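**Q** with the input below, show me the fold.
(one chain, ligands or ions: 1)
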Amino acid sequence: MKAVQFTEHGDRDVIEYGEYEALEPGQGEVRIEMRAGALNHLDVWTRRGLPGLDLEMPHIPGSDGAGVVESTGEGVTRFEPGDRVALTAGVSCGECEFCRDGDPTLCVSYHVIGEHVRGVHAEYAVVPEDNLISVPEHVDWKTAAAAPLVFQTAWRMLLDRGDLRPSESVLVLGASGGVGHAAVQIADYVGAEVYATASSDKKLSYASETGADHVINYEDENFADEIRSRTGKRGVDMVVDHVGAATWQDSLKSLAKGGRVVTCGATTGGTPETNINRIFWNQLSVIGSTMATPGQVDDVMELVWDGEFEPRIRATLPMSETAKAHRLLEEREGFGKVVVIPDERYDG
Ligand SMILES: [Zn+2]
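**A** Numbering: from 1, shown residues only. Predicted coordinates:
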């Protein structure tokens, strides 16, 4: 089968699309004929290499994807050939104290398909049945592939970890990215007052369309100053920061007394300076979040399937152009998700 793959970490030119040994489904596993995959920023980090990340090479990337069940291994009970499915990439052990306590995202051996183990950007993928959700007939493959990771991440971060209320205000940074545009939609759905930042007026108009009440071009204005002035110096109740080092201090400055910043990523770096005085005096909370529980995935994906939430597709490319997909993410071109299709199924 053909697969996106790389044999060493590095720049975009390490990415290839070529032959990979076909895989058979083992106990509890399902083999899927992939129809679409979607990129996340973690694909960039995985390609570049992370401290402690020890991948079996060649590595197939891809944590988002959707397709048709082609065959099933022994013990699979929920799916059969012909079923339409999408991947939900978090893998937990089911046995540690955190899994037993009901929150698999805290699993001591938690890992993500595509990041820590072989991913799904290939003609076929073999994954545990526990990592699949059903896709209704009326949902197209691009939506099914593009939504799961970012919508589950934003859903848990805002509603469960962040406990966002309708009466509150929230600032979503990087509202043109995958997580950002999901967070804007979810915050709007909750009924909160939504502020959003992006780097161009075109991206900001998209942010408004997806639910932002107020937009700030962070290339033109300091967003913390803007939040202060637009809220009568009060600040917002919650900041959604997946940007990291470049925005962290201004995120804390944007918070109202007693406010909280929620984070699920740090694409510009993970070790910014922090003014601790600001945290204790203003009684701020810093809240981490990652992925979501199966129940949370079901809740948010139901709303995607119903059309309440919609992943925006900024580009659709054949899998052989995955390096270009990485460029779009790294250079922050466009708005929403980048989708890749197996070359033989790609029709432009
Ligand atoms: Zn566990």
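**Q** so where does the residue nearest the centre of the chain fall, helix or strand?
**A** Central residue of the chain (CA atoms, centre = their mean): Val150, 2.9 Å from the mean position. If you go by DSSP states H and E, Val150 is part of helix 148-155.
**Q** contacts for whatever helix or strand comes next after that helix, please.
**A** Once the chain leaves helix 148-155, the next helix or strand it forms, by DSSP H and E, is strand 169-172. Applying CB atoms under 8 Å, 6 or more residues apart in numbering, the external contacts of strand 169-172 come out as 158, 164, 180, 183-184, 187, 192-197, 212, 223, 227, 231, 236-240, 251, 254, 256. To be clear about C-beta, it is placed using only N, CA and C from the backbone, and glycine gets the same treatment.
**Q** note down every partner strand of strand 169-172 and its orientation.
**A** As defined by DSSP bridges, the strand partners of strand 169-172 come to strand 193-198 (parallel), strand 236-240 (parallel).
**Q** the ion is nearest to which of these?
**A** The minimum distance between the ion and the strands paired with strand 169-172 falls on strand 236-240, with 27.0 Å, by CB to the ion.
**Q** tell me how far that closest one lies from the chain's centre.
**A** Taking the mean of its C-alpha atoms, strand 236-240 sits 19 Å from the chain's own mean (CA atoms, centre = their mean, to the nearest Å).
**Q** cool, stretch 108-128 as well?
**A** Remark: stretch 108-128 is offset 15 Å from the chain centroid, using CA atoms, centre = their mean.
**Q** is any part of it close to the ion?
**A** No. Counting by CB under 5 Å from the ion, the ion is not contacted by stretch 108-128; separation bottoms out at 5.6 Å.
**Q** now that stretch: buried residues?
**A** Within stretch 108-128, the residues that count as buried by 16 or more other CB atoms under 10 Å are 110, 112-116, 118-128.
**Q** stretch 84-94 too?
**A** Those would be Arg84, Val85, Ala86, Leu87, Thr88, Ala89, Gly90, Val91, Ser92, for stretch 84-94 by 16+ other CB under 10 Å.
**Q** the helix or strand where the third one lies: what's the following helix or strand?
**A** Taking DSSP H and E as the definition, one finds Ala86 inside strand 84-87. Toward the C-terminal end, the helix or strand that comes next after strand 84-87 (DSSP H and E) is strand 90-91.
**Q** returning to what we had before: tell me the strands beside the strand holding Ala86, with direction?
**A** Partner strands and pairing direction for strand 84-87 (DSSP bridges) are strand 64-72 (antiparallel), strand 132-134 (antiparallel).
**Q** any idea of the mean pLDDT for the first one?
**A** Put plainly, it is strand 64-72. For strand 64-72, the mean pLDDT works out to 98.
**Q** chain center to that strand, what's the gap?
**A** Centre-to-centre, strand 64-72 and its host chain are 20 Å apart (CA atoms, centre = their mean).
**Q** what's the angle between it and helix 148-155?
**A** 120 degrees (axes from the mean of the first three to the mean of the last three CA atoms, to 10 degrees).
**Q** buried residues of strand 64-72, list them for me.
**A** Buried residues in strand 64-72, counting neighbours by 16+ other CB under 10 Å, are found at Asp64, Gly65, Ala66, Gly67, Val69, Glu70, Ser71, Thr72.
**Q** next, format those as JSON lines and append distance to Phe98.
**A** Output for these, formatted as JSON lines (distance: CB to CB, whole Å):
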{"residue": "Asp64", "distance to Phe98": "24"}
{"residue": "Gly65", "distance to Phe98": "27"}
{"residue": "Ala66", "distance to Phe98": "29"}
{"residue": "Gly67", "distance to Phe98": "31"}
{"residue": "Val69", "distance to Phe98": "30"}
{"residue": "Glu70", "distance to Phe98": "33"}
{"residue": "Ser71", "distance to Phe98": "33"}
{"residue": "Thr72", "distance to Phe98": "29"}
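**Q** next, format the strands paired with strand 169-172 as CSV and append distance to the ion and mean neighbour count.
**A** Shown next, in CSV, are these (distance: least, CB to the ion, whole Å; neighbours: other CB atoms under 10 Å):
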stretch, distance to the ion, mean neighbour count
strand 193-198, 35, 27
strand 236-240, 27, 28
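**Q** would you mind giving the ones you listed as a markdown table with mean pLDDT added?
**A** What follows is those, written out as a markdown table (pLDDT from 0 to 100):
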| stretch | mean pLDDT |
| --- | --- |
| strand 193-198 | 97 |
| strand 236-240 | 98 |
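**Q** and the strand holding Ala86, how far out from the chain middle?
**A** Its chain's C-alpha centre and that of strand 84-87 lie 16 Å apart, by CA atoms, centre = their mean.
**Q** what does the protein have sitting close to the ion?
**A** Close to the ion, as judged by CB under 5 Å from the ion, the chain has residues Ser92, Cys93, Cys96, Cys99, Cys107.
**Q** who's in contact with the residue of the stretch 201-348 of the chain found nearest the ion?
**A** Residue of the stretch 201-348 of the chain nearest the ion, by CB to the ion: Thr293 (12.1 Å). Shown in contact with Thr293 (CB under 8 Å, 6+ apart): Gly102, Asp103, Pro104, Thr105, Arg156.
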